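Colleague: Predicted model and sequence below, questions to follow.
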Amino acid sequence: MLQKLLALFVFAALTTAHAAFIDAADFGFSPTASGTTNAQALQRAVDRTGTITVTTPGTYQIAATVYLGSNTTLLFGDNVYLKKVAEQGPFTHVLLNKGALSKTWDHHIIVSGLQLIVNGVDVRKWQVYGLHGQIAFFYIKDLKIDHFRCLDGGKAQYMIHICTFEDILIDDIRIEGGKDGVHLGRGKRFTIRNGVFETGDDAIALNAHDYSVGNPELGWIEDGVIENMHDLPNPKQQIGYFCRILAGAWIDWRPGMEVQQSDTVVSGGKLYRVQMSPDEKVYKSVTRPTHQTGAAVLDGINWGVVQNDVTYTAGVRNVVFRDIYLEKPRTAFSVHFDTGKYSRSYYPGAPVPHQENILFDNIRVLYDAPSDFLQIRTPVDVLSIANSSFRNNHISFLTNQAMSDYGPTKINITGCVFGNRGKLDLLVNRIPGKVISLKTAGSVELSDDFTASIVPGNGNITIDSDLKGLRK
């Protein structure tokens, strides 16, 4: 009797465990089905929540966005591919969390093993203004994306786009395409690791501020790790950075203020943004924006509601870059404000957003062409660079006339290898009055004729260095 009860218990446990896994094929998801049928079938499967599997190898056409809710794991097996098709017209997101449409938090979502074929379906058709990733999440907590592949990204959409988040992990990714690989908006606690990129634009973008079409909300990106990344050369496209770090700040709306495309204001406990054409036109705002949702045209200005929680600054802080291998000859890291027809990150007179506590550890430059290791156009408090290798690379401080005082910056370079022959302008300053403290220790110089120099501009530079040419 006891053995029978035990057998029944084991059978019930196994049945329950099996039922927790849902095979999308049972809902009609098939390599032989149309893109429309597959989108509907996969939607029915993920609506059940739990763990949804796609196990039959093949290429599955997909013709519409599939929406993921909380407590959902979507597992793709080996040799399973999703291929976008425009049966019902071009569409933007392959996957989008359900709460993105209502700014409602979703939690505990896993997407594993997705191999995506964009197939030229690369468009921005807004479901959420400013959100345009092939894979997109907005208002998301506890998200994991792993084993992701896409080798044919276009020039319009980011591949992975996440904004307003807490606790995300992106692991084991391979991305090729003309636009950003991983693009983050505001959020906290994140890890991006084990990635290979061949992108025309930024491999990784930490865009706390952004163009009005670049992110749906604004704020701080903080407490993250980016590690074991490879930035591969792409001879056809040489724009962007390995990592863009974009900051911004804005003010309260006031009558008669002048605004342009992408400017942000605070009004009535909300953030509003100018959503116009990038034509460098300046508008005078006379009527305060007060609408609660959507967009409204006032004084010829299209004001879009961005978010209901107020902040006046956006930036990046407490982020570690570790084990980064740079093969593509371009500026590796850019910390800056936008200033141009698409966006003005810093509105005159706004609070100053200081980028804080950024660490670079074991960054390997693997090309000889001269380039900037770091370009800095915003206030930054401390930059620490450790155990890294430089060739003909510089740290450049530049101004875009966003503000008159960029504040002091401390740079600590420890245990780094300098492989350049001859003179290296390690630090180049173009900001009048900039205060910089540079300290190097434990440096290794590979060439006997290596010498380091500083281009101070009109700044105030203090140096404590063990490098030839800088040491006393």
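Modeller: Perfect, I can see it now. Numbers count the residues shown, from 1 in each chain.
Colleague: Quick check, residue 355 in contact with residue 317.
Modeller: Yes - Residue 355 lies in contact with residue 317 (C-beta atoms under 8 Å); the separation is 6.4 Å. (C-beta placed from N, C-alpha, C; glycine too.)
Colleague: of these two, who's got more company?
Modeller: When residue 355 and residue 317 are compared for neighbours, residue 355 comes out ahead with 25 against 20, by other C-beta atoms under 10 Å.
Colleague: partners of that one in the sheet?
Modeller: Applying DSSP bridges to residue 355 gives these bridge partners: residue 380.
Colleague: going forward, begin numbering at 12 instead of 1
Modeller: All set: I'll call the first residue 12, so the last point we hit is now residue 366.
Colleague: To which secondary structure element is the most centrally placed residue in the chain assigned?
Modeller: Relative to the mean C-alpha position of the chain, the nearest C-alpha, by C-alpha atoms, centre = their mean, is the one of residue 194, at 2.4 Å. In this structure, residue 194 sits in strand 193-195 according to DSSP states H and E.
Colleague: Not counting its own residues, what contacts that strand?
Modeller: 144, 169-174, 176, 181, 184, 186, 201, 203, 206, 213-218, 225-226, 232 (C-beta atoms under 8 Å, 6 or more residues apart in numbering).
Colleague: Return the residues in contact with the residue lying closest to residue 306 once chain neighbours are set aside.
Modeller: The spatial neighbour of residue 306 that comes closest, neighbours along the chain excluded (C-beta to C-beta, 6 or more residues apart in numbering), is residue 315 at 4.4 Å. Applying C-beta under 8 Å, 6+ apart, one finds that residue 315 lies in contact with 140, 223, 283-284, 286, 305-306.
Colleague: Just the buried subset of these, written out for PyMOL, thanks.
Modeller: To isolate in PyMOL the members of the contacts of residue 315 that are buried, counting by 16 or more other C-beta atoms under 10 Å, one can use:
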select buried, resi 140+223+283+284+286
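Colleague: for the contacts of residue 315, which one is nearest residue 408?
Modeller: Residue 408 has its nearest neighbour among those in residue 223, at 27.8 Å by C-beta to C-beta.
Colleague: SS state for the closest one?
Modeller: Under the three-state scheme (DSSP: H, G, I helix; E, B strand; the rest coil), the conformation of residue 223 reads as coil.
Colleague: unless I'm mixing things up, it is touching residue 142, no?
Modeller: No - under the criterion of C-beta under 8 Å, residue 223 lies out of contact with residue 142, with a separation of 11.8 Å.
Colleague: Endpoint to endpoint, stretch 287-295 covers what distance?
Modeller: The first residue of stretch 287-295 is 13 Å away from its last residue (C-alpha to C-alpha, to the nearest Å).
Colleague: just stretch 100-118 next, same as before
Modeller: End-to-end for stretch 100-118, by C-alpha to C-alpha: 30 Å.
Colleague: Could you list the residues in contact with that stretch?
Modeller: Contacts of stretch 100-118 with the rest of the structure, by C-beta under 8 Å, 6+ apart, involve 73-82, 85, 93, 95, 120, 122, 125, 127, 132, 134-139, 142-153, 168, 175.
Colleague: Weed out the non-buried ones from those.
Modeller: Those of these that meet the buried threshold are 73-81, 85, 93, 95, 120, 122, 125, 127, 132, 138-139, 142-153, 168, 175, by 16+ other C-beta under 10 Å.
Colleague: Which ones among these map onto strands?
Modeller: Secondary structure from DSSP state E places 73, 77-79, 85, 93, 95, 120, 122, 127, 144-153, 175 of the buried ones among the contacts of stretch 100-118 in strands.
Colleague: Okay, and the beta partners of the residue nearest to the centre of the chain?
Modeller: Using DSSP bridges, the beta-bridge partners of residue 194 come out as residue 172, residue 216.
Colleague: which residues sit in contact with the closest residue to residue 96 other than its chain neighbours?
Modeller: Distance criterion C-beta to C-beta, 6+ apart; nearest residue to residue 96, sequence neighbours excluded, is residue 46 at 4.0 Å. Under the criterion of C-beta under 8 Å, 6+ apart, the neighbours of residue 46 are 72-75, 94-96, 98-99.
Colleague: mind listing what residue 448 touches?
Modeller: For residue 448, the set of contacting residues under the criterion of C-beta under 8 Å, 6+ apart consists of 419-422, 472-473, 475.
Colleague: Would you mind giving these as JSON lines with pLDDT and secondary structure added?
Modeller: Compiled in JSON lines, those are given as follows (pLDDT from 0 to 100; DSSP: H, G, I helix; E, B strand; the rest coil):
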{"residue": "419", "pLDDT": "96", "secondary structure": "coil"}
{"residue": "420", "pLDDT": "96", "secondary structure": "strand"}
{"residue": "421", "pLDDT": "97", "secondary structure": "strand"}
{"residue": "422", "pLDDT": "97", "secondary structure": "strand"}
{"residue": "472", "pLDDT": "96", "secondary structure": "strand"}
{"residue": "473", "pLDDT": "97", "secondary structure": "strand"}
{"residue": "475", "pLDDT": "97", "secondary structure": "strand"}
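Colleague: In PyMOL, how would I select just the buried ones from those residues?
Modeller: Entered in PyMOL, the line below selects the buried ones among these, by 16+ other C-beta under 10 Å:
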select buried, resi 420+422+472
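Colleague: could the contacts of residue 448 be laid out in CSV, adding distance to residue 446?
Modeller: Formatted as CSV, the entries for the contacts of residue 448 read as follows, by distance: C-beta to C-beta, whole Å:
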residue, distance to residue 446
419, 4
420, 7
421, 9
422, 12
472, 8
473, 8
475, 15
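Colleague: Out of the contacts of residue 448, the closest to residue 402 would be?
Modeller: Comparing the contacts of residue 448 against residue 402 with C-beta to C-beta places residue 422 closest, at 18.3 Å.
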